[in-house]
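Undergrad: can you look at this prediction? I've put the sequence above it.
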Amino acid sequence: MNMQNAKKIDPNAYNALADALSVIYWNKPPWARYLRGLLKDNLELLTGLDLTGPTTKRENSGELVERLMANESKYQGVAISLMLRVASMDSFPNLNAQEDSADLISKAKDAVAELRKWTKRHQEIAEANERAVAAMAKAAAEASRSRAFTESLSALKDEFLGMHKGTGTPQQRGIELEKFLNALFGLFDLEPRAAYSLANEQIDGAFSFDTDDYILEARWWKKAIGRGHLDVFASKIRRKGKNALGLYASISGFTQDALDTYEDGTPFITIDGMDIMAVLDGRVRLDDLLKRKKRHANETGNCYFPVAEML
């Protein structure tokens with residue numbers, strides 16, 4: 001993580017770290033293991049150091065701290081983490097095993113206490129680092145979700161354009177449209193349900209939006225949907241109860257007499273091919289489109305509110 005713009009660590013804190021590292025262990029092998037454990041994700045900082053040879057712990061500690069200081073823009077978070085870990089030590093098992101353990105432990109406690117004073121002063125930096133890491137992770141996750149959403153919407157657009165080239169019967173095109181709308185509604189978390197049959201009645205699908213449940217009618221005919229079909233759909237909705245709502249999707253649109261019939265009172269809203277293309281092009285979100293159509297229907301009684309009047 002690049003910390004070029006972060007507040008710098010006080011040089012005295014680095015000195016306190018070097019002092020503490022040199023006295024918290026007496027024997028070099030366990031001291032070397034301790035360092036490798038602390039720096040397991042940044043072992044390059046230990047490359048070339050004589051951790052178990054004749055070079056003293058103080059010399060190695062000084063060299064390690066020099067490396068941290070020299071590249072603070074890269075290792076500031078590592079340095080602060082190292083300081084916090086060492087400053088949190090309250091027991092020294094390796095020193096306990098030594099003949100003059102009391103004196104060694106006293107020196108270690110003093111060094112750790114001095115480091116602890118500096119870590120308190122730099123806790124703000126540590127917390128800022130953590131917030132920055134969390135913000136970066138959140139941004140990355142949001143970018144990934146956005147990218148996946150965009151890719152899925154683009155794939156649905158390709159599918160929709162391909163469906164225009166189909167040569168099937170109106171019934172076959174209607175079934176394809178139902179499946180397509182099911183996928184589109186699913187992308188926007190509208191909890192779509194597939195087509196189902198009731199006694200003497202076929203439901204093309206259903207979905208939930210903004211605390212309401214809708215039943216769906218989907219038609220892909222070469223001609224516009226007339227009043228008679230909207231009357232049948234309205235009757236179907238009213239049989240579901242007073243709180244039932246409907247969405248009539250007609251790729252070819254609706255005749256004027258059909259729209260005139262449901263301009264002063266309607267139990268459903270409508271979408272057409274132009275509405276769907278606006279969603280697939282990313283010019284309007286499907287949930288925003290439906291919300292504005294429903295608000296328009298509640299305020300005016302009109303089932304028809306084309307996307308061209310919204311944008």
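TA: Thanks, I have the structure now.
Undergrad: R295: neighbour count?
TA: Neighbours of R295 under the rule other CB atoms under 10 Å: 13. All C-beta spots, glycine's among them, are computed from the backbone N, C-alpha and C.
Undergrad: sorry, slip of the keys, the one I care about is M136.
TA: The number of residues packed near M136 is 11, by other CB under 10 Å.
Undergrad: same question, E44
TA: E44: 10 surrounding residues under other CB under 10 Å.
Undergrad: same deal with T119?
TA: T119: 21 neighbours (other CB under 10 Å).
Undergrad: name the element it belongs to?
TA: helix 101-121 (DSSP states H and E).
Undergrad: average pLDDT for that helix?
TA: Mean pLDDT, computed over helix 101-121, is 90.
Undergrad: I'd like the next helix or strand past it.
TA: Downstream of helix 101-121, the next assigned helix or strand under DSSP H and E is helix 123-163.
Undergrad: now that next one against helix 101-121, angle please.
TA: Taking axes from the mean of the first three to the mean of the last three CA atoms, to 10 degrees, one finds helix 123-163 and helix 101-121 inclined to each other by 60 degrees.
Undergrad: using PDB, list the CA coordinates for whichever helix or strand comes after helix 123-163.
TA: Proceeding N to C from helix 123-163, the next assigned helix or strand is helix 170-187, under DSSP H and E. The C-alpha trace of helix 170-187 is given here as PDB (Å, rounded to 0.1, in the frame of the first residue of the first chain):
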ATOM      1  CA  PRO A 170     -46.000 -15.000 -31.500                       C
ATOM      2  CA  GLN A 171     -46.400 -17.600 -28.800                       C
ATOM      3  CA  GLN A 172     -42.800 -18.700 -29.100                       C
ATOM      4  CA  ARG A 173     -41.600 -15.100 -29.100                       C
ATOM      5  CA  GLY A 174     -43.700 -14.500 -26.000                       C
ATOM      6  CA  ILE A 175     -42.100 -17.400 -24.200                       C
ATOM      7  CA  GLU A 176     -38.700 -16.100 -25.100                       C
ATOM      8  CA  LEU A 177     -39.700 -12.700 -23.800                       C
ATOM      9  CA  GLU A 178     -40.900 -14.100 -20.500                       C
ATOM     10  CA  LYS A 179     -37.500 -15.800 -20.000                       C
ATOM     11  CA  PHE A 180     -35.700 -12.600 -21.000                       C
ATOM     12  CA  LEU A 181     -37.700 -10.500 -18.600                       C
ATOM     13  CA  ASN A 182     -37.200 -13.000 -15.800                       C
ATOM     14  CA  ALA A 183     -33.400 -12.600 -16.300                       C
ATOM     15  CA  LEU A 184     -33.600  -8.800 -16.500                       C
ATOM     16  CA  PHE A 185     -35.800  -8.600 -13.400                       C
ATOM     17  CA  GLY A 186     -33.400 -11.000 -11.600                       C
ATOM     18  CA  LEU A 187     -30.400  -8.700 -12.400                       C
END
